[in-house]
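What shape does this take:
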Amino acid sequence: MVKAVRVHQIGGPEVLTYEDIEVPSPGHGEVRIRQHAVGLNFIDTYFRTGLYKAPALPFIAGNEASGEVISTGPGVTNFHPGDRVAYYFNLGAYTSERNIPAEKLVKLPDMISYEQGAVLMLKGLTVFYLLHKTFKVEPGHRVLIHAAAGGIGLLACQWAKALGANVIGTVGSREKAELALSNGCDHVILYNEEDFVAQVKQISRNELCDVVYDGVGKTTFPGSLSCLRPRGLFVSFGNASGPVPPFSLQELNNHGSLFATRPKLNDYIPTRHELLEGADTLFSAVISGKLHVPIHHAYALKDAQKAHHDLESRVTVGASILRP
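Sure thing, here's the model as predicted:
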């Protein structure tokens, strides 16, 4: 028996249940991992509340983690006991041990800690595809990043700056503003105190932004559209304040023939080749010093309820983990 956090019914943080589960021997193509760290993400709350539908109840929460291989199933040749690994995989991460398809694992470089690995696979790979695939950020681009002091936000600000962009971030407090400024933001807007659209216009001298990365959702839309130059790209990749409401395509026309997309990580790493391409690029950026990955909050796995409460209450900044 091992410890895990399961959801038996959708609801608030109180539905996260810390309990014993059995993990069978790994099947064909599977690897068993002893987990050292689990990433905490807003998407975990979406599954818990039912905004995103889990395949069945009960389910084990969590979508990214790192650990060491302790055994392998038939057909696995590229992983061995003792290997340090990390992964992104829909659900099942809030546990001390688990089986997972070997094709979903990547080997963790020695220079990257388990704690860093646990927050890089969902958050880091998301930033990789947002800045390199969804919109290829290049020198001179002006980008707006909402929730710039969050787990994805801090990585996105750093990487966008390293790519030569002019980075504008929005945050909810002065403490978060300082953090964003120290992680690549050229300008920070306090959205609780300032009109972020007016501030973007002032900062850019009305030239506006090439791309807006919006993981907040309901409360930042449609203001995000007003921050884009003609033919700019609105990237909606999260719902921290609730989903973006339905809107007319005419709105894109009204704001200057804009483009809009609602991407997700699974569609950017559907093959083993694309997963390894993203992971290699990401790990190289960390090892070279382009990306710094501090862990700002760490909770025991048994305290997952508190972790979710803090996350949804905007208490956390940067990357957070659970320790099995």
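
which one is the residue lying farthest from the centre of the chain nearest to, not counting chain neighbours?
The C-alpha centroid of the chain is most remote from residue 74, which lies 32.2 Å away (CA atoms, centre = their mean). Take residue 74 and drop its neighbours on the chain: the residue closest to it by CB to CB, 6 or more residues apart in numbering is residue 28, 4.8 Å away. No exception for glycine: its C-beta is placed from N, CA and C like everyone else's.

any idea of the pLDDT on the residue farthest from the centre of the chain?
Per-residue pLDDT puts residue 74 at 97.

all helices for the stretch 151-300 of the chain, in order.
151-162, 174-181, 196-203, 223-226, 250-254, 272-287 (DSSP state H, counting those that start in this stretch).

Just the angle for the first one relative to helix 174-181, thanks.
To tie it back to what came earlier, the one meant is helix 151-162. 40 degrees (axes from the mean of the first three to the mean of the last three CA atoms, to 10 degrees).

try the last one
Angle between the axes of helix 272-287 and helix 174-181 is 100 degrees (criterion: the same axes, to 10 degrees).

quick one: buried residues of helix 272-287?
275, 277, 278, 279, 282, 283, 285, 286 (16 or more other CB atoms under 10 Å).

if we look at it, which residues are touching it?
103-104, 106, 109, 111-112, 116, 120-121, 124-125, 127-129, 132, 159, 162, 268-269, 291-293 (CB atoms under 8 Å, 6 or more residues apart in numbering).

Equivalent analysis for stretch 229-243, please.
So stretch 229-243 is contacted by 42-43, 46, 51, 126, 130, 134-135, 147, 150, 152, 207-221, 224-225, 228, 244, 252, 256-264 (CB under 8 Å, 6+ apart).

Straight-line length of it, end to end?
By CA to CA, to the nearest Å, the extent of stretch 229-243 from end to end equals 24 Å.

And for stretch 259-270?
24 Å.

Could I get the buried residue list for it?
Result for stretch 259-270 [16+ other CB under 10 Å]: buried residues 260, 263, 265, 268, 269.

List the contacts of the residue most central in space within the chain.
Most central in the chain under CA atoms, centre = their mean is residue 123, positioned 2.9 Å from the mean C-alpha point. Counting by CB under 8 Å, 6+ apart, residue 123 touches 39, 41, 64, 151, 152, 155, 319.
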